[in-house]
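A.B. asks: Model the following, please.
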Amino acid sequence: MLMAHPAVLRNLIEQYETLHALHADVGSPQVRQRMDDVAYTLCVATGTRDVDTALIAARHRLPGARVQDDSLLST
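C.D. replies: Numbering: from 1, shown residues only. The predicted model follows:
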């Protein structure tokens, strides 16, 4: 599997968290679509199927990550 560069992952995490904090899921159709696009890209970049798992996986791959238990990532 290709691995996304940490800078790309960090950017996607920040975009998703910003959209989530702004409640984009209840915003205009264009904003909701952007949030869905970012979530999908996170999933593709991390090889996962849902955004929560994608966020965990992306954070795990960032430099300096101190993940004690990655059991959530195994299937």
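A.B. asks: How much space separates residue 64 from residue 3?
C.D. replies: From residue 64 across to residue 3, the span is 17 Å (C-beta to C-beta, to the nearest Å). Using the backbone N, CA and C atoms, a C-beta is placed for each residue, glycine as well.
A.B. asks: between those two, who's got more neighbours?
C.D. replies: Taking other C-beta atoms under 10 Å, residue 64 and residue 3 do not tie; residue 3 has more neighbours (11 against 5).
A.B. asks: Over to the more buried one. Which of the three states is it?
C.D. replies: Secondary structure state of residue 3, per DSSP: H, G, I helix; E, B strand; the rest coil, is coil.
A.B. asks: From what I see, residue 61 and residue 7 are in contact.
C.D. replies: No: judged on C-beta atoms under 8 Å, residue 61 makes no contact with residue 7 at a distance of 11.2 Å.
A.B. asks: and residue 49, helix, strand or coil?
C.D. replies: coil.
A.B. asks: what's the nearest residue to it if we skip its chain neighbours?
C.D. replies: The shortest distance from residue 49 to any non-neighbouring residue, by C-beta to C-beta, 6 or more residues apart in numbering, is to residue 43 (6.2 Å).
A.B. asks: Check which helix or strand the one you found maps to.
C.D. replies: Using DSSP states H and E, residue 43 maps to helix 29-46.
A.B. asks: Which positions within that helix qualify as buried?
C.D. replies: Neighbour counts over helix 29-46 (16 or more other C-beta atoms under 10 Å) mark 34-35, 38-39, 41-43, 45-46 as buried.
A.B. asks: for residue 3, what are its contacts?
C.D. replies: Residues near residue 3 by C-beta atoms under 8 Å, 6 or more residues apart in numbering: residue 61.
A.B. asks: Please report phi then psi for it.
C.D. replies: The phi and psi values for residue 3, taken as degrees, to the nearest 10, are phi -110, psi 130.
A.B. asks: that older thread, grab the CA positions of the helix holding residue 43 and hand them over as PDB.
C.D. replies: This file holds the C-alpha atoms of helix 29-46, laid out as PDB (Å, rounded to 0.1, in the frame of the first residue of the first chain):
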ATOM      1  CA  PRO A  29     -24.700  21.100   0.500                       C
ATOM      2  CA  GLN A  30     -21.400  22.300  -0.800                       C
ATOM      3  CA  VAL A  31     -19.800  22.400   2.700                       C
ATOM      4  CA  ARG A  32     -21.200  18.900   3.600                       C
ATOM      5  CA  GLN A  33     -19.700  17.700   0.300                       C
ATOM      6  CA  ARG A  34     -16.300  19.100   1.100                       C
ATOM      7  CA  MET A  35     -16.400  17.400   4.500                       C
ATOM      8  CA  ASP A  36     -17.400  14.100   2.900                       C
ATOM      9  CA  ASP A  37     -14.600  14.500   0.300                       C
ATOM     10  CA  VAL A  38     -12.000  15.100   3.000                       C
ATOM     11  CA  ALA A  39     -13.300  12.100   5.000                       C
ATOM     12  CA  TYR A  40     -13.100   9.900   1.900                       C
ATOM     13  CA  THR A  41      -9.600  11.100   1.100                       C
ATOM     14  CA  LEU A  42      -8.500  10.400   4.700                       C
ATOM     15  CA  CYS A  43      -9.900   6.900   4.400                       C
ATOM     16  CA  VAL A  44      -8.100   6.300   1.000                       C
ATOM     17  CA  ALA A  45      -4.800   7.700   2.300                       C
ATOM     18  CA  THR A  46      -4.900   5.500   5.400                       C
END
